[in-house]
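Asks: curious how this folds, go ahead:
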Amino acid sequence: MIGIIGAGKLGTSFGVYLARHGYKVAFFNRTGQKAKAAAELAGGIMVETVEDLLHTCDWIGIATGDDQVGEVVLNLLEARADLEGKLFFHMSGALSSDRLKELAKEGAETASLHPLQSFSDPQTGVELLSSAYFSLEGTEQAKKWLGEMLANLKNPFFVITAAQKSLYHAAASIVSNALVSVVDYGFLLMETAGIDEETARRALMPLIEGSVRNVRDRGTVEGLTGPIVRGDFGTIEGHINAIHAKAPELLDEYKQLARMTLKTAARGQLKDDYKVQTLTRLLKD
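Replies: Predicted coordinates:
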């Protein structure tokens with residue numbers, strides 16, 4: 001049986017996902033009601049103490065917030081259970097398995113297992129997990145066991161080292177969280193133009209989805225479209241003038257994002273040095 005500590009969005013989604021693939025799961029959460037709800041959703045069991053979880057499960061996943069992982073490790077050690085041969089993994093994208101080293105000293109196998117997916121609620125999270133890549137890092141035995149589980153789940157994964165975790169997670173955060181912030185900035189510009197957010201969302205979603213498909217099918221350099229990749233500096237100058245006139249507080253962000261776009265364009269499609277230099281001057285601070 002696989003135990004899950006933390007019955008939030010990630011922990012519940014992962015537990016239900018495991019249950020749908022034939023694994024037996026148990027949940028523990030500081031708020032018992034959350035553990036009970038997760039167990040009911042997964043058809044698993046709820047346990048009331050860490051001691052019960054340790055006696056019930058040989059594999060335990062920690063799906064709490066990053067700041068709570070250390071506290072969970074202390075609670076596990078305080079349970080005074082035999083940890084020899086048990087597997088413990090946390091599901092943080094930023095932390096390495098080093099955060100579980102005190103458990104390893106007691107004979108446990110330890111790892112970090114991170115799904116490259118965002119979880120807004122458990123129901124949709126379960127569906128999203130079916131196509132998610134995972135990163136895996138930890139002891140050799142832990143990687144073997146978890147790799148076999150992921151193969152059984154039919155989830156692709158890659159193995160990284162503890163030293164790679166921070167840069168890996170920075171990349172994941174940018175393409176997920178920063179992407180949402182860029183979309184929000186676009187909504188602000190639409191609002192400045194007098195278009196309400198609901199209309200903007202409906203109108204822009206096909207464009208957003210098309211851009212994502214371009215990246216999937218052609219990569220970022222060849223998938224880039226728009227006035228910067230074409231070198232249309234007159235259009236970009238018009239953007240700058242309009243934002244300066246209507247919402248000058250939004251101009252710095254526009255230039256920063258446009259400079260990043262220009263770097264991508266200059267790596268492939270935009271070969272004209274004159275256009276690159278003209279756009280660089282337009283977009284300087």
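Asks: in the protein, what secondary structure element scores lowest on mean pLDDT?
Replies: helix 122-129 (a mean of 89; mean pLDDT, DSSP states H and E).
Asks: what about the helices in the stretch 1-150 of the chain?
Replies: Ranges of helices within the stretch 1-150 of the chain are 9-20, 32-42, 50-56, 69-78, 101-104, 122-129, 140-153, based on DSSP state H, counting those that start in this stretch.
Asks: dump these to TSV, plus distance to Glu222 and mean neighbour count.
Replies: (Glycine included, C-beta is placed from N, CA and C.) Output for those, formatted as TSV (distance: least, Cβ to Cβ, whole Å; neighbours: other Cβ atoms under 10 Å):
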stretch	distance to Glu222	mean neighbour count
helix 9-20	34	24
helix 32-42	42	19
helix 50-56	49	18
helix 69-78	40	17
helix 101-104	44	16
helix 122-129	27	17
helix 140-153	31	16
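Asks: which one of those helices lies nearest to Phe89?
Replies: Closest to Phe89 of the helices of the stretch 1-150 of the chain is helix 140-153 (Cβ to Cβ; 6.5 Å).
Asks: which strands and helices lie in contact with that closest one?
Replies: Helix 140-153 is packed against strand 87-90, strand 109-115, strand 134-138, strand 157-159, with contacts defined by 3 or more Cβ pairs under 8 Å, 6 or more residues apart in numbering; DSSP states H and E.
Asks: pull that helix out as CSV, backbone CA atoms only.
Replies: In CSV, the C-alpha atoms belonging to helix 140-153 read as follows (Å, rounded to 0.1, in the frame of the first residue of the first chain):
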residue,chain,number,x,y,z
GLU,A,140,19.4,3.9,-6.8
GLN,A,141,16.9,1.5,-5.3
ALA,A,142,14.3,4.3,-4.9
LYS,A,143,14.7,5.3,-8.6
LYS,A,144,14.4,1.6,-9.6
TRP,A,145,11.1,1.1,-7.7
LEU,A,146,9.6,4.4,-8.7
GLY,A,147,10.7,4.0,-12.3
GLU,A,148,8.9,0.6,-12.4
MET,A,149,5.8,2.3,-11.0
LEU,A,150,5.8,5.0,-13.6
ALA,A,151,6.3,2.5,-16.3
ASN,A,152,3.3,0.6,-15.0
LEU,A,153,1.3,3.9,-15.0
